[in-house]
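> After the sequence you'll find the predicted model.
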Amino acid sequence: MSGRPMRNSTPSSNPSARCRPIPEPARLHWRPSRLLIAALGLLTLAACGALRLSELQGPIAWLGIACVLASGLRTILRTARQPPHRIVVQAAGQVLLDGRALEAPRLHWRGPIVRLTWREGRRTHRLLWWPDTLPAPRRRELRLATAMRPLPRAAESMAP
């Protein structure tokens, strides 16, 4: 028998050596949530109703209602006017927001709601995905992108 390989044979490989595919980065879009805006509106109305039904004197109650309405409206408008963003979560743990790398990104999962927080200097910024802005397939994609090397999570609080 000669030292040449047979024509029909395939090169042998080690079946125990697993080749992990390199995961694709998760490419997500963020926009303000309509559910969040509606929830903020309902909370504002509920707070106004609670002030009206309280035993505060008439003028004080109406002044409180005006303050709650102004604050609630300001929060709703600020939330609704936030510009959309493009987020790329790479398997190495790096997160890009509109093409720039984020400093100390963290993901917080609360059921179907996901919050991304990061720091810029002294300020902490956050983006919140509600189920209407991050459907289940995209949440799964985000979990898979961070599964290989997860982003740091917030420290769990524990009683002494």
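Great, that's in hand.
> Next up, phi/psi of the nearest residue to residue 41 once chain neighbours are set aside, please.
Counting by CB to CB, 6 or more residues apart in numbering, residue 41 lies nearest to residue 76, which is 6.0 Å off, once chain neighbours are set aside. The C-beta positions use only the backbone N, C-alpha and C, and glycine is treated the same way. Torsion angles at residue 76 (phi, psi; degrees, to the nearest 10) stand at phi -60, psi -50.
> residues in contact with the closest residue to residue 34 other than its chain neighbours?
Leaving aside its chain neighbours, residue 34 sits nearest to residue 132 (5.8 Å; criterion: CB to CB, 6+ apart). Contact partners of residue 132, counting by CB atoms under 8 Å, 6 or more residues apart in numbering, are 33-35.
> now residue 126
115-118.
> at 6 Å what do you get?
115, 117 (CB atoms under 6 Å, 6 or more residues apart in numbering).
> what's the following helix or strand after the helix or strand containing it?
If you go by DSSP states H and E, residue 126 is part of strand 123-129. For strand 123-129, the following helix or strand on the C-terminal side (DSSP H and E) is helix 136-147.
> And the contacts of that next one?
With contact meaning CB under 6 Å, 6+ apart, helix 136-147 is reached by 26, 89.
> Same question for stretch 25-35.
79-80, 82, 84-90, 127, 130, 132-133, 141-142, 145.
> average pLDDT across it?
The pLDDT scores in stretch 25-35 average 87.
> so where is this protein shaky, pLDDT-wise?
Along the chain, the model assigns pLDDT under 70 to residues 1-23, 91-92, 147-160.
> Can you name the residues that contact the nearest residue to residue 106 once chain neighbours are set aside?
Spatial nearest neighbour of residue 106, excluding adjacent residues (CB to CB, 6+ apart): residue 117 at 5.0 Å. Counting by CB under 6 Å, 6+ apart, residue 117 touches 106, 124, 126.
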